[in-house]
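A.B. asks: fold the following.
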Amino acid sequence: MDRNTERQARQNILNAVKEYCETYHNVKKPFEKGQRIPYASRVYDSDEMVNLVDSALEFWLTSGRYTDEFEEKMAQYLGVRYCNLVNSGSSANLLAFMALTSPLLGERAVQRGDEIITVAAGFPTTVAPVIQYGAVPVFVDVTIPQYNIDVTMLEEALSEKTKAVMVAHTLGNPFDLKTVSEFCKKHNLWLVEDNCDALGSEYEIDGKVKLTGTVGDIGTSSFYPPHHMTMGEGGAVYTDNPLLNKCVRSFRDWGRDCVCPSGRDNLCGHRFDRQYGELPVGYDHKYVYSHFGYNLKATDMQAAIGCAQLKKFPSFVERRRHNFDRLKKKLEAAHISDKLILPEACERSRPSWFGFPVTCKEGTSRNHVVQYMEDHGIQTRMLFAGNLTKHPCFDGMRAAGEGYRIAGNLTNTDRIMADTFWIGVYPGMTDEMIDYMAQTLIEAVH
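C.D. replies: The predicted structure follows:
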């Protein structure tokens, strides 16, 4: 079979895939009241499915040309030098933290027993790598209705053991990056932005508008289906720092010292003529390990979906903002401020909202409101862990009185655990769906 015949056969398959997707996947039905409204869902068309099959037909399986394209274009979008695709947002957080433990960082490397400032009102995998490594999370409270780190507590949380701040932008709402970044610079601390729920959010700092995830030393993203864009499972770690990037890539790729991608050898021309550690001179550089790493790469099929999603991504962000603004306007017009606390964006920010958080005031039962919403087909979610330190995974540390520290108190964190929930604003939602959610929430509190 000649090359032209193969190309034509491949194109025939992709044309059929496009037709299949447009016939059976892209059929939109009008919304009817009572129809289930998930808090999030995939938004895609034939572009993603064609890319997926195109990658599958190559049968490369591991990272390849689509991975290279995604990393390059994602870095361009963010305005950073380096982007590393990984298999999940949780893995992205793991790599971001572990990069800070690299001996290559010298005195600034995080050691076991060092402290990392974070919050308990968030997702557990922002904190899990810290504990798993043997460092100590120091929890500070958050603010309501921004649901982000209370920056007035940073100095109280600081100790001679503090090495970093690692915290998320909650539900797309940026935390006070100006204050946090100035605090980190003042005390020579690393700043890791968990950007998994905030891709596309903007923050004005030093007279410039920057995307969240790019102000600190390292940013992370998740591409799980509910997130701002998806490739099924997937995540990314990004930075402007070449040394941190080297550490991230090494930890991602088994901990090896070599930077050659899979399937390519000896790019540096020194594969067999150097000495590393106590290994013999000329030991194959592809099998030299500078870190105790992992294999956290994504597949090229995931990256293929991501490449198609990335082209649509700006429109996703605008639709999220539209949905959030419409929902908030409807709720404000209903004059329910005596029942609910509605969310507010951080000063100097323009969020790419992941969800719409609501806190019930005294006399309004969250359980009642949530059950009413669910009974009427609207999916709700808690604000992740609420207070992570109250979960069973902390039982042993709590009983022993060690392994973590709380600076001040977690009053608002506990309030969120008791009274806060959120609903979605994902880009697949129509105005009719948003209006129905607003109407149902107003009914619930009355």
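A.B. asks: list the buried residues in stretch 153-163.
C.D. replies: Across stretch 153-163, burial judged by 16 or more other C-beta atoms under 10 Å covers M153, L154, A157, L158, T162, K163. For every residue, glycine as well, the C-beta is placed using N, CA and C.
A.B. asks: from these, which land in helices?
C.D. replies: Among the buried residues of stretch 153-163, the members found in helices (DSSP state H) are L154, A157.
A.B. asks: what's the closest of the buried residues of stretch 153-163 to G269?
C.D. replies: K163 (36.8 Å; C-beta to C-beta).
A.B. asks: so what's that closest one scoring on pLDDT?
C.D. replies: pLDDT for K163: 98.
A.B. asks: wait, what's in contact with it?
C.D. replies: K163 is in contact with L100, R108, V110, Q111, D114, E115, I116, A135, L189, W190, counting by C-beta atoms under 8 Å, 6 or more residues apart in numbering.
A.B. asks: only the buried subset of those, as a PyMOL command please.
C.D. replies: To isolate the buried members of the contacts of K163 in PyMOL, using 16+ other C-beta under 10 Å:
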select buried, resi 100+110+114+115+116+135+189+190
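A.B. asks: and which of the contacts of K163 is nearest D206?
C.D. replies: L189 (18.4 Å).
A.B. asks: correct me, but the closest one touches F183?
C.D. replies: Yes. In terms of C-beta atoms under 8 Å, L189 counts as a neighbour of F183; the distance is 7.4 Å.
A.B. asks: what touches both of those two?
C.D. replies: Common neighbours of L189 and F183 (criterion: C-beta under 8 Å, 6+ apart): V165.
A.B. asks: can you pull up the most central residue in the protein?
C.D. replies: Per C-alpha atoms, centre = their mean, the C-alpha nearest to the average position across the chain is that of C196, at 1.1 Å.
A.B. asks: give me the secondary structure label for it.
C.D. replies: Assigned with DSSP: H, G, I helix; E, B strand; the rest coil, C196 falls in the coil class.
A.B. asks: buried ones in the one helix or strand V180 maps to, by neighbour count?
C.D. replies: When secondary structure is defined using DSSP states H and E, the element that contains V180 is helix 177-187. In terms of neighbour count (16+ other C-beta under 10 Å), helix 177-187 has its buried residues at L177, K178, V180, S181, F183, C184.
A.B. asks: show me what contacts the first one?
C.D. replies: For L177, the contacting residues are E193, Y203, I205, T212, V215, G216, by C-beta under 8 Å, 6+ apart.
A.B. asks: if we use 10 Å, what do you get?
C.D. replies: With contact taken as C-beta atoms under 10 Å, 6 or more residues apart in numbering, L177 is in contact with 148, 151, 169, 191, 193, 203-205, 210, 212, 214-216, 346, 348-349.
A.B. asks: now do the helices in the stretch 101-250 of the chain.
C.D. replies: 128-133, 154-157, 177-187, 242-252 (DSSP state H, counting those that start in this stretch).
A.B. asks: kindly reformat those as JSON lines containing distance to N266.
C.D. replies: As requested, the helices of the stretch 101-250 of the chain are exported to JSON lines (distance: least, C-beta to C-beta, whole Å):
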{"stretch": "helix 128-133", "distance to N266": "33"}
{"stretch": "helix 154-157", "distance to N266": "47"}
{"stretch": "helix 177-187", "distance to N266": "39"}
{"stretch": "helix 242-252", "distance to N266": "17"}
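A.B. asks: CSV for those, including mean pLDDT and distance to G235?
C.D. replies: Putting the helices of the stretch 101-250 of the chain into CSV (pLDDT from 0 to 100; distance: least, C-beta to C-beta, whole Å) gives the following:
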stretch, mean pLDDT, distance to G235
helix 128-133, 98, 13
helix 154-157, 98, 27
helix 177-187, 98, 21
helix 242-252, 98, 11
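A.B. asks: for the stretch 251-400 of the chain, what spans make up the helices?
C.D. replies: Taking DSSP H, counting those that start in this stretch as the criterion, the stretch 251-400 of the chain carries its helices at 300-333, 366-375, 395-400.
A.B. asks: past the last one, which element shows up next along the chain?
C.D. replies: Put plainly, it is helix 395-400. Counting by DSSP H and E, what follows helix 395-400 is strand 405-406.
A.B. asks: returning to that earlier point: nearest to R65, of the helices of the stretch 101-250 of the chain?
C.D. replies: Among these, helix 242-252 comes nearest to R65, with 17.9 Å by C-beta to C-beta.
A.B. asks: and the host helix or strand of L52, C-alpha only, in PDB?
C.D. replies: For L52, the host element (DSSP H and E) is helix 46-58. The C-alpha trace of helix 46-58 is given here as PDB (Å, rounded to 0.1, in the frame of the first residue of the first chain):
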ATOM      1  CA  SER A  46     -16.100  17.000  16.400                       C
ATOM      2  CA  ASP A  47     -12.700  18.700  16.600                       C
ATOM      3  CA  GLU A  48     -11.900  16.900  19.800                       C
ATOM      4  CA  MET A  49     -13.200  13.500  18.600                       C
ATOM      5  CA  VAL A  50     -11.300  13.800  15.200                       C
ATOM      6  CA  ASN A  51      -8.100  14.700  17.000                       C
ATOM      7  CA  LEU A  52      -8.500  11.800  19.400                       C
ATOM      8  CA  VAL A  53      -9.000   9.300  16.600                       C
ATOM      9  CA  ASP A  54      -6.200  10.800  14.600                       C
ATOM     10  CA  SER A  55      -3.900  10.200  17.500                       C
ATOM     11  CA  ALA A  56      -5.200   6.700  18.000                       C
ATOM     12  CA  LEU A  57      -4.500   5.800  14.400                       C
ATOM     13  CA  GLU A  58      -0.800   6.700  14.900                       C
END
